[in-house]
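Participant: Here is my input; please provide its structure:
(chains A and B)
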2 protein chains.
Amino acid sequence: MRTVTYGAACSLDGFIAGSNGEIDWLHMSPDASSVMAKYWKSVDTILMGRKTYDVAQRMGGGPPMPAITGTYVFSRTLDRVRGAELIRDDAGEFVRSLKKKPGKGICLLGGGELARSLFAEDVIDEVGLNIHPTLLGGGYPLFPDIGKRIRLELIESRTIDGGCVLASYRVVR
Amino acid sequence: MRTVTYGAACSLDGFIAGSNGEIDWLHMSPDASSVMAKYWKSVDTILMGRKTYDVAQRMGGGPPMPAITGTYVFSRTLDRVRGAELIRDDAGEFVRSLKKKPGKGICLLGGGELARSLFAEDVIDEVGLNIHPTLLGGGYPLFPDIGKRIRLELIESRTIDGGCVLASYRVVR
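Facilitator: Next up is the predicted model:
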């Protein structure tokens, strides 16, 4: 079965962007790039919520990623999306069936609203953070109150350049 | 100058207790005990807000800690406190003057409200977390939106028993 991973670079107080979307605190390094390059090789599918899709559109959609064969945007309000497939209903059921299909890993991208609903549906398998040495003091949370306790098992934790701490976890069922 | 440290065991989503005060997810281990024993030897003063004081009172006040020579409770609403000195006004100024006095380290205990005001007053020097492999999904946040960006420098990060990640930081001024 394919693995759904949720993760992001975040501040020590758990935000993925400041209140005005600031990401100037993100520390780029060969260390971080190599981790991300390895990760992107392990996935071929991207899931995102409406807000993350909006941000991606504003940023010009990002570079084409030929290794990604499926991109799905979950939204009840959008009528159509560009460069992706729109999923309007039953996110949990959709992801469950996606996981059974052949393919590489599935990346749940972006902020926490879709993550909350997919945690509730119990379809997320791994969580990976790149914890930056910054308190943002407010902003977009990686884990908006998900309203449910989830037990994790640490896969790996290590320090990389810039005082960033990588930590990856497996969801315990 | 004495060092003010703020820290706690927390969930990966940044809570120090569940919505009903649950701390059953805390992982006790010789590793964690040894870290805490070493820490408690480095401090002689405890600062806490009113809510943490309430919790401490409900828990029976905790064991006597002979090495602690000063305990201060910050509250505008309480009239008196037991086994501690009540500080009603100007927390920042009080802590600034405390830091100039001779003594060991100063421990800022408990939840985030007092921490928020002491971060605003720029009197916190170090932050230490024991990040547990759990998403609580809600509860008492370690960092309630502090409304201010604070740059940190990683002092140390390491994995201890139970998949807990210890991470300690210096506040960069």
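
Participant: Can you spell out which helices and strands pack onto the biggest helix by length in chain A?
Facilitator: With secondary structure taken from DSSP state H, chain A has its longest helix at helix A:30-41. The contact analysis (3 or more CB pairs under 8 Å, 6 or more residues apart in numbering or on different chains; DSSP states H and E) places helix A:30-41 against strand A:126-132, strand A:150-160, strand A:164-171. Where C-beta positions appear, they are placed from N, C-alpha and C, glycine not excepted.

Participant: Could you name the helices and strands sitting against the helix or strand hosting A:Ala9?
Facilitator: When elements are assigned from DSSP states H and E, A:Ala9 belongs to strand A:4-11. Here strand A:4-11 touches strand A:15-17, strand A:105-109, helix A:112-120, strand A:126-132, going by 3+ CB pairs under 8 Å, 6+ apart.

Participant: Highest mean neighbour count out of these?
Facilitator: Counting by mean count of other CB atoms under 10 Å in any protein chain shown, strand A:15-17 has the highest mean neighbour count of the helices and strands packed on strand A:4-11, with a mean of 24.

Participant: which residues touch the helix or strand of chain A with the lowest mean pLDDT?
Facilitator: Every helix and strand in chain A was compared by mean pLDDT, DSSP states H and E; the lowest is helix A:50-58, with a mean of 86. Counting by CB atoms under 8 Å, 6 or more residues apart in numbering or on different chains, the neighbours of helix A:50-58 from elsewhere in the structure are A:21, A:48, A:62, A:73-75, A:77-78, A:81-82, A:84, A:109-111, A:113-114.

Participant: ok, and for that helix, which residues are buried?
Facilitator: Across helix A:50-58, burial judged by 16 or more other CB atoms under 10 Å in any protein chain shown covers A:Arg50, A:Thr52, A:Tyr53, A:Val55, A:Ala56.

Participant: which bits of chain A sit near chain B?
Facilitator: A:12-14, A:18, A:25, A:119, A:127, A:129, A:131, A:133-138, A:142-143, A:145-154, A:157-159, A:163-165, A:167, A:169 (CB under 8 Å from any CB of the partner chain).

Participant: as a whole number, average confidence for stretch A:67-82?
Facilitator: For stretch A:67-82, the mean pLDDT works out to 93.

Participant: For the residue nearest the centre of chain A, give the beta-bridge partners.
Facilitator: When CA atoms, centre = their mean is applied to chain A, the residue found nearest the centroid is A:Leu109 (2.9 Å). Taking DSSP bridges as the rule, A:Leu109 bridges to A:Met48.

Participant: quick one: contacts for it?
Facilitator: A:Leu109 neighbours (CB under 8 Å, 6+ apart): A:Ile46, A:Leu47, A:Met48, A:Thr52.

Participant: Name the helix or strand for the first one, please.
Facilitator: Counting by DSSP H and E, the secondary-structure element that holds A:Ile46 is strand A:43-49.

Participant: Can you tell me what sits against that strand?
Facilitator: A:2, A:4-5, A:56, A:67-75, A:84, A:95, A:98, A:103-111, A:113-114, A:118.

Participant: let's go with 7 Å and repeat that
Facilitator: Residues from elsewhere that reach strand A:43-49 (CB atoms under 7 Å, 6 or more residues apart in numbering or on different chains): A:67-74, A:95, A:98, A:103-111, A:113-114.

Participant: ok, for the residue lying farthest from the centre of chain A, nearest residue in space, not its chain neighbours?
Facilitator: In terms of distance from the mean C-alpha position of chain A, A:Asp79 ranks first, at 23.1 Å (CA atoms, centre = their mean). Nearest residue to A:Asp79, sequence neighbours excluded (CB to CB, 6 or more residues apart in numbering or on different chains): A:Leu86, at 7.9 Å.

Participant: still on that earlier bit, can you give me how far the longest helix of chain A is from the chain middle?
Facilitator: Its chain's C-alpha centre and that of helix A:30-41 lie 15 Å apart, by CA atoms, centre = their mean, to the nearest Å.

Participant: and that helix, C-alpha only, in CSV?
Facilitator: C-alpha atoms of helix A:30-41 as CSV (Å, rounded to 0.1, in the frame of the first residue of the first chain):
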residue,chain,number,x,y,z
PRO,A,30,22.7,21.9,0.6
ASP,A,31,21.6,19.7,3.6
ALA,A,32,17.9,20.6,3.2
SER,A,33,18.0,20.4,-0.6
SER,A,34,19.5,16.9,-0.5
VAL,A,35,16.7,15.8,2.0
MET,A,36,14.0,17.3,-0.2
ALA,A,37,15.5,15.9,-3.5
LYS,A,38,15.5,12.4,-1.9
TYR,A,39,12.0,12.9,-0.7
TRP,A,40,10.7,14.1,-4.1
LYS,A,41,12.1,11.0,-5.7
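
Participant: Now that helix: buried residues?
Facilitator: A:Asp31, A:Ala32, A:Val35.

Participant: Model confidence at the residue nearest to the centre of chain A, what's the number?
Facilitator: A:Leu109 is given a pLDDT of 91.

Participant: Ok, A:Pro63 next?
Facilitator: 66.

Participant: and the next element down the chain from the least confident helix or strand of chain A?
Facilitator: strand A:70-74.

Participant: ok, and what's touching the helix or strand just after that following strand?
Facilitator: Per DSSP H and E, strand A:70-74 leads on to strand A:85-87 as the next helix or strand towards the C-terminus. By CB under 7 Å, 6+ apart, the surrounding residues in contact with strand A:85-87 are A:Thr71, A:Tyr72, A:Val73, A:Phe74, A:Ser75, A:Leu78, A:Arg80, A:Phe94.
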